[in-house]
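Novice: got a predicted model here, sequence first, then my questions.
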Protein chains: 2
Amino acid sequence: MIRGEPVKLMQVSDPVAVLNLIKEEFKALPAETLAIELAGGRYLAGDLKSFEDVPGFNRSTVDGYAVAARESFGAGESVPAMFELAGEVLMGKSAPSIRPGQCRLVHTGGMLPENTDAVVMAEDTEVSGNLVNSFKQLAPGENVIRRGEDLKAGTTALEAGQLLRAPEIGLLASIGITAVAVHRQPQIGFFSSGDELVAYSSRQLEAGQIRDSNAPAISYLARQYGAGFKYGGILPDDFAVFLEKSRAILEEVDFLVFSGGSSVGSRDFTARTMQELGKPGLLVEGIAIQPGKPTLLAKCNDKPVLGLPGHPISALNIFSIFGRAIIDRLAGRLTERLMPTLSATLARNVASRTGRTDYVRVKLKREETSGELTAVPVFGRSGMLRTLAEADGLLVVPPEKEGLSAGEQVEVYLWE
Amino acid sequence: MIRGEPVKLMQVSDPVAVLNLIKEEFKALPAETLAIELAGGRYLAGDLKSFEDVPGFNRSTVDGYAVAARESFGAGESVPAMFELAGEVLMGKSAPSIRPGQCRLVHTGGMLPENTDAVVMAEDTEVSGNLVNSFKQLAPGENVIRRGEDLKAGTTALEAGQLLRAPEIGLLASIGITAVAVHRQPQIGFFSSGDELVAYSSRQLEAGQIRDSNAPAISYLARQYGAGFKYGGILPDDFAVFLEKSRAILEEVDFLVFSGGSSVGSRDFTARTMQELGKPGLLVEGIAIQPGKPTLLAKCNDKPVLGLPGHPISALNIFSIFGRAIIDRLAGRLTERLMPTLSATLARNVASRTGRTDYVRVKLKREETSGELTAVPVFGRSGMLRTLAEADGLLVVPPEKEGLSAGEQVEVYLWE
């Protein structure tokens, strides 16, 4: 007499170990050259040198009068230094030089005349006819950014692996670099599986059927995380079809994702496919995380293959942690992704099992009197998407904890 | 004798008051209907009801045997309850009913037969031939999600103003809603100004010229924040052209942004344009914030018009706070945008002036021994983009503080 069905024992991995494995096993995709308007969110494939000094000329940081600083020595509130106004520096134009004892009106961002090295702010002067009195003694370089102070021609402006955010795009534009070599954007191939699934566009469901909601949800997450998404459809519970379709799409994409297979049978299809799709095959069978334990990770022909649990909340949780880590790796991110949080007071006790990292859905409420945030766990026996839609974010119960108590200060990861 | 140039006094506004003004003065754009694949990141224009029960049938949450719970009463480790195995519930198929004393094999997500109300997990049973012994007594509803438990037909699935994130897209897909009414995406019109500016694609600069780096940087931020971006070009310092071009683009967009005008003259052009472009005109002339004080905000023909300082770091800082708040308002966001942070130890003293909210650029470093984060202020007299590119984020010195001390615990907003 056998007790129960033959249950395959799961070799559950530690989530941190899985993240390290992702870093070790996979590498950044090849580089491509993109116009900077299209390169936002990408990672640089190599160091970038500036061909120019930045700024390209000595610039004023204020509205005022360009002078030779030494000619202001000794000036003060009672004894102004007097300059003859030689005219104005026009914006975007070369600054005409001046003679000793002269100054020139200059605007913020304007060029300094060759023989000047400081700018007295307009509010520190009095103007009378063509005479300018400075009530301030200036140090050489005062209110001036010197040519090349920000960046010297030939030096590195940005390093390989740098994420191109708005400041980097601005920096590139400012030094006249209009195209850059960045790592290719990871392309994800995605299959759903399970005989109960039908296309989410199905109007009427037959008894026992559910719509494939993971495809559009994961598609949106993938695009948010900077990946392309190719939907392969719903795989039938037929191993030959499973393998054939997976083989075909793996050729076209950088990262293959299976969703479904929360039941033992369906999980086995995914696991077998991962073993036959390419070497070395399965790396991880189960992660000590909740929700999302029955997760599979494989490497097939150097490409990552992730098997998400079919349960929508588990699938989203796993993809947002491990799917994102894989995308980051392929996209060329070199540094740790820091995850900012919101501090909140926990409204209710949260139970958890030690040895497992628990992700708890919470709704955040701003207390009217104190202005503090309260984190209210969103329970729901069903654990369906509705509870995740009600939640603003997640809090993490680390494996060493047996749960969290009401009133505790917790850190919440926002889901946006 | 006049002291300095005629300086227009700036009526500096409190940043919180400006954010409240944005909420009061502007409203959400009209709705449009979008396929859910395209609606991620948008805000719902109205409540959304479900037309179906979710789930649509009583579902098993485990792999096991569906039974009538009352027939398991009294069962335990030593006295199993015995059931005749009537067969399997096929995934995606209607579950055939069973007779008293029978059970039916059911997989996770499978439908329960009509006359069953609980599922005994496979690991709590022993199977011998066509007999299944349950070593567990089951409560009605155990391991089952009942039809409509998540969402009843006719009840509200998502409320107006809800941001469509991955969970919401999944939820919509699961209830067969393939298109939704969301607020239109704000379209931004953008002008740079200043005679020193040349297109950032310019290869060679003349003396005194700089490239217009704000256009591509703000364009990327705008798209990150969910807005469209239409570049209007660089405006010459000619008021007639300024007004004419602004009038033309304001017709086509929902939100007009000017960059440039850090000098008094250029700021005046922007301010005058804002006054003449439409009623009521200028609302804010200067915000008590650093960097970014010389910011202008107007309302012209019900449309927001923002005047960014020309300085790249100021422009990015102001757009990321107030530009984003305007985009959120137009896009239909109803709730406060929560801003998660990273806790870090400040490495150096930071000076600040009271009465002003200071944004300080910091680089984050992970201490090898403690694993704690240290926030190192990225100074740079020039304040050019390079220092922002070196920074991981910003920390805020509130107006009531005179600065922050080395060793203090600070909250850092990540720039990604």
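Specialist: Nice, I can see it.
Novice: could you pull out the strands in the stretch 251-400 of chain A for me?
Specialist: A:255-259, A:280-285, A:289-290, A:296-300, A:303-308, A:342-346, A:350-351, A:357-366, A:373-377, A:393-397 (DSSP state E, counting those that start in this stretch).
Novice: most tightly packed of these?
Specialist: Mean neighbour count (mean count of other C-beta atoms under 10 Å in any protein chain shown) peaks for strand A:255-259 among the strands of the stretch 251-400 of chain A, with a mean of 27. For the C-beta atoms, the positions are set from N, CA and C on the backbone; glycine is no exception.
Novice: so where's chain A uncertain?
Specialist: A:1-10, A:261-266, A:380-383 (pLDDT under 70).
Novice: any idea how far chain B is from the residue of chain A most remote from its centre?
Specialist: Most distant from the centre of chain A: A:Gly129, at 56.3 Å, with distances by C-alpha atoms, centre = their mean. When distance is defined by C-beta to the nearest C-beta, to the nearest Å, A:Gly129 is 9 Å away from chain B.
Novice: cool, and A:Leu90?
Specialist: 7 Å.
Novice: now A:Pro291
Specialist: Distance from A:Pro291 to chain B, by C-beta to the nearest C-beta: 12 Å.
Novice: can you give me the end-to-end distance of stretch A:317-336?
Specialist: 19 Å (C-alpha to C-alpha, to the nearest Å).
Novice: same question, stretch A:290-308
Specialist: 13 Å.
Novice: quick one, helices of chain A?
Specialist: A:15-25, A:166-174, A:214-224, A:239-252, A:264-277, A:312-318, A:324-331, A:385-390 (DSSP state H).
Novice: okay if I get these as JSON lines plus mean neighbour count and distance to chain B?
Specialist: What follows is the helices of chain A, written out as JSON lines (neighbours: other C-beta atoms under 10 Å in any protein chain shown; distance: least, C-beta to the nearest C-beta, whole Å):
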{"stretch": "helix A:15-25", "mean neighbour count": "16", "distance to chain B": "12"}
{"stretch": "helix A:166-174", "mean neighbour count": "27", "distance to chain B": "3"}
{"stretch": "helix A:214-224", "mean neighbour count": "24", "distance to chain B": "3"}
{"stretch": "helix A:239-252", "mean neighbour count": "15", "distance to chain B": "15"}
{"stretch": "helix A:264-277", "mean neighbour count": "20", "distance to chain B": "6"}
{"stretch": "helix A:312-318", "mean neighbour count": "26", "distance to chain B": "5"}
{"stretch": "helix A:324-331", "mean neighbour count": "23", "distance to chain B": "11"}
{"stretch": "helix A:385-390", "mean neighbour count": "24", "distance to chain B": "4"}
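Novice: got these as JSON lines, with distance to B:Pro398 columns?
Specialist: Shown next, in JSON lines, are those (distance: least, C-beta to C-beta, whole Å):
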{"stretch": "helix A:15-25", "distance to B:Pro398": "36"}
{"stretch": "helix A:166-174", "distance to B:Pro398": "24"}
{"stretch": "helix A:214-224", "distance to B:Pro398": "31"}
{"stretch": "helix A:239-252", "distance to B:Pro398": "52"}
{"stretch": "helix A:264-277", "distance to B:Pro398": "52"}
{"stretch": "helix A:312-318", "distance to B:Pro398": "35"}
{"stretch": "helix A:324-331", "distance to B:Pro398": "33"}
{"stretch": "helix A:385-390", "distance to B:Pro398": "32"}
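Novice: so who does the residue farthest from the centre of chain A touch?
Specialist: If you count contacts by C-beta atoms under 8 Å, 6 or more residues apart in numbering or on different chains, A:Gly129 has none.
Novice: give me the phi and psi angles of it.
Specialist: phi 60, psi -130 (degrees, to the nearest 10).
Novice: now swap in A:Gly371 and tell me
Specialist: Per degrees, to the nearest 10, the residue geometry at A:Gly371, taken as phi and psi, is phi 80, psi 0.
Novice: now for the strands of the stretch 251-400 of chain A, which one comes closest to A:Gly208?
Specialist: A:Gly208 lies closest to strand A:255-259 among the strands of the stretch 251-400 of chain A, at 18.7 Å (C-beta to C-beta).
Novice: can you tell me which of the helices of chain A is nearest to A:Ala406?
Specialist: Here helix A:385-390 is closest among those (C-beta to C-beta), at 19.1 Å.
Novice: which elements pack onto the closest one?
Specialist: Here helix A:385-390 touches helix A:312-318, strand A:357-366, strand B:156-158, helix B:166-174, going by 3 or more C-beta pairs under 8 Å, 6 or more residues apart in numbering or on different chains; DSSP states H and E.
Novice: A:Ala227 contacts A:Ile188, correct?
Specialist: Yes - at 5.0 Å, A:Ala227 counts as touching A:Ile188 under the criterion of C-beta atoms under 8 Å.
Novice: show me the contacts for A:Thr273.
Specialist: A:239, A:242-243, A:246, A:258.
Novice: also A:Ala166?
Specialist: A:40, B:217-218, B:220-221, B:224, B:316, B:320, B:415.
Novice: and with 7 Å instead?
Specialist: Contacts for A:Ala166 were tallied using C-beta atoms under 7 Å, 6 or more residues apart in numbering or on different chains; they are B:217, B:220-221, B:316.
Novice: likewise for A:Glu196?
Specialist: A:208-210, B:91-92, B:109.
Novice: swap in A:Ile175?
Specialist: A:50-52, A:54, A:151, A:157.
Novice: what of A:Val89?
Specialist: A:66, A:95, A:104-106, A:110-111, A:113.
Novice: show me which of those residues is closest to B:Arg386.
Specialist: Among the contacts of A:Val89, and counting by C-beta to C-beta, the member closest to B:Arg386 is A:Met111, at 19.6 Å.
Novice: from chain B, how far out is that closest one?
Specialist: In terms of C-beta to the nearest C-beta, A:Met111 sits 4 Å off from chain B.
Novice: quick one on the thing from earlier: including distance to chain B and neighbour count, could the contacts of A:Ile175 go into JSON lines?
Specialist: Putting these into JSON lines (distance: C-beta to the nearest C-beta, whole Å; neighbours: other C-beta atoms under 10 Å in any protein chain shown) gives the following:
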{"residue": "A:Ser50", "distance to chain B": "9", "neighbour count": "23"}
{"residue": "A:Phe51", "distance to chain B": "10", "neighbour count": "11"}
{"residue": "A:Glu52", "distance to chain B": "8", "neighbour count": "20"}
{"residue": "A:Val54", "distance to chain B": "7", "neighbour count": "25"}
{"residue": "A:Leu151", "distance to chain B": "6", "neighbour count": "23"}
{"residue": "A:Ala157", "distance to chain B": "7", "neighbour count": "25"}
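Novice: now for the contacts of A:Val89, which pair is the farthest apart?
Specialist: A:Leu105 and A:Met111 (12.3 Å).
Novice: sorry, back to before: with neighbour numbers in mind, choose between A:Ala227 and A:Ile188.
Specialist: More neighbours surround A:Ile188 than the other of A:Ala227 and A:Ile188, with 29 against 24 (other C-beta atoms under 10 Å in any protein chain shown).
Novice: would you map the strands across the stretch 51-200 of chain A?
Specialist: Counting by DSSP E, counting those that start in this stretch, the strands of the stretch 51-200 of chain A are A:59-60, A:64-67, A:81-88, A:102-106, A:118-121, A:125-128, A:131-134, A:144-145, A:156-158, A:179-183, A:187-193, A:197-198.
Novice: and the ones you listed, which is most packed in?
Specialist: strand A:64-67 (a mean of 29).
Novice: quick one: is that one near chain B?
Specialist: No - figure legend: strand A:64-67 not in contact with chain B (C-beta under 7 Å from any C-beta of the partner chain); closest approach 8.8 Å.
Novice: done for today, thanks.
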